[in-house]
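[1] Please find the sequence and the predicted model below.
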Amino acid sequence: MSTFVLKREYALQLPNSYAEIDREEMEYVDGGVYLSNDDLKAVLVTAGVTGVSVAAVVAASYTLAAAIAATVPVGGWLTGGLIATYAGAFAVVAVQAIHEGKGMHIRLAFPWGLSFEVG
């Protein structure tokens, strides 16, 4: 074995070709979007939500999902399906964020799916 391995003196080193990235780029790499409280309210009003309750947001989400699936020619069914699948989780976090006066983080979760957090 080599002397390096036997001495067990391992130090973490970055490769010579590493590139620093700032926080904005890291958020982009991680995938996701942040909706401020005002943006979140605007999205819900645009989707046809008439009251700030979980049931109202879920109902509007299903209506929006059906409309997208029926009208968007390429991939509409996929987008509509994702909206319908996550309607409940989105609604709970959206209503909580609005009541707390905060925004909401929407991220792509590993291995597959969306995650929603008040932020």
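    Received the coordinates, thanks.

[2] what does stretch 51-65 rub up against?
    Stretch 51-65 is contacted from outside by 44, 47-50, 79-81, 83-84, 87-88, 90-92, 94-95, 98-99, using CB atoms under 8 Å, 6 or more residues apart in numbering. Quick note: C-beta positions are derived from backbone N, CA and C, even for glycine.

[3] List buried residues within these.
    Buried members of these, counted by 16 or more other CB atoms under 10 Å: L44, A47, V49, G80, I83, A84, A87, F90, A91, A94, V95, I98.

[4] Secondary structure, distance to T63 and pLDDT added to those residues, as a markdown table?
    Converted to a markdown table, the buried ones among the contacts of stretch 51-65 look like this (DSSP: H, G, I helix; E, B strand; the rest coil; distance: CB to CB, whole Å; pLDDT from 0 to 100):
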| residue | secondary structure | distance to T63 | pLDDT |
| --- | --- | --- | --- |
| L44 | helix | 12 | 86 |
| A47 | coil | 8 | 82 |
| V49 | coil | 10 | 85 |
| G80 | helix | 10 | 82 |
| I83 | helix | 10 | 82 |
| A84 | helix | 10 | 86 |
| A87 | helix | 10 | 88 |
| F90 | helix | 14 | 88 |
| A91 | helix | 13 | 90 |
| A94 | helix | 15 | 90 |
| V95 | helix | 17 | 91 |
| I98 | helix | 19 | 92 |
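
[5] I21: which of those is nearest?
    I21 lies nearest to F90 out of those, by CB to CB, at 29.0 Å.

[6] was I right about that closest one contacting S115?
    No. With contact defined as CB atoms under 8 Å, F90 does not reach S115; the gap is 10.3 Å.
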